[in-house]
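Colleague: predicted model and sequence follow; I will ask about them next.
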Amino acid sequence: MALTDNWLLSGMGSLYGVVTELGLTSVNGLFSAYESVDYRRALARGHGICSQNSLGLASLLDRRYGINADIIGLSGHVVVESEGYLVGPSVGLTLPFSLAEAQRREERDGEISAIYSACFDSDGTTRVYGFDGGLENVTSFSAFGQFYDADGNQRIDGVRGYRPKLYWVERGSDRLKWILPALMILVGSAGLFAGRRQNRADPL
């Protein structure tokens, strides 16, 4: 672990029971497959499922470029909507219209399914594994278009709205990771200084 890594966030894996009791999450095994709300951390990992990639992109657009981006939870896939575009960072596909328009086109004549089928063959797949390591789902990229129907879709206002409590846990711990060691150094230095003064005041 690098010096600049968030050691507090890493340590939360061993405190999963406490985090659950505090009501910070009800997601089973959250910290064994943690999804960061910071684009730098998401990019540094080098891999991620569609929700992590979408969180990373939305964070990048917002924090680096000041562009608002919504997380779009489709029923089985996660993408980003920003400035009238739908972006699927996991598969590298951008649709030049809004979610409402995509839903309309998919329900009318399956146009979004046709776009995905034209862009991807059946060999490209995403695999979802459970926390027990078992394979739960295999979906071909070419089949992702079916998720754009209106059934179960959810718009989330940026990374802060995705998991609000964990957003503040991560942002807060990014600051505390420096503050706590600094306080320890200050307290230790103060104790050392006080000890030396005491030794000078009470010579043998």
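Modeller: All right, it came through fine.
Colleague: report the beta-bridge partner residues of the nearest residue to residue 122 once chain neighbours are set aside.
Modeller: Distances taken as Cβ to Cβ, 6 or more residues apart in numbering put residue 140 closest to residue 122, at 5.0 Å, once the chain neighbours are dropped. The way it works is simple: take the backbone N, C-alpha and C, and place the C-beta from them, glycine included. Judged by DSSP bridges, the bridge partners of residue 140 are residue 125.
Colleague: again with residue 82
Modeller: residue 85.
Colleague: isn't it right next to residue 71, touching?
Modeller: No. Counting by Cβ atoms under 8 Å, residue 82 stays clear of residue 71, with 10.2 Å between them.
Colleague: which residues do those two both contact?
Modeller: Shared contacts of residue 82 and residue 71, defined by Cβ atoms under 8 Å, 6 or more residues apart in numbering, comprise residue 58.
Colleague: ok, now which ones touch the residue nearest to residue 122?
Modeller: 120, 122, 124-125.
Colleague: distance of residue 145 from residue 70?
Modeller: 20 Å (Cβ to Cβ, to the nearest Å).
Colleague: more neighbours, those two?
Modeller: More crowded of residue 145 and residue 70, by other Cβ atoms under 10 Å: residue 145, with 25 against 22.
Colleague: the residue lying closest to the more buried one once chain neighbours are set aside: neighbour count?
Modeller: Among residues not flanking residue 145 along the chain, residue 113 sits closest, at 3.3 Å (Cβ to Cβ, 6+ apart). Neighbour count for residue 113, taken as other Cβ under 10 Å: 19.
Colleague: sorry, back to before: residue 82 and residue 71 - which one has more neighbours?
Modeller: residue 71 (22 against 18).
Colleague: any idea which helix or strand carries that one?
Modeller: strand 70-74 (DSSP states H and E).
Colleague: other residues contacting that strand?
Modeller: So strand 70-74 is contacted by 51, 54-55, 58, 78-82, 86, 99, 147-148, 152-159, 161-162 (Cβ under 8 Å, 6+ apart).
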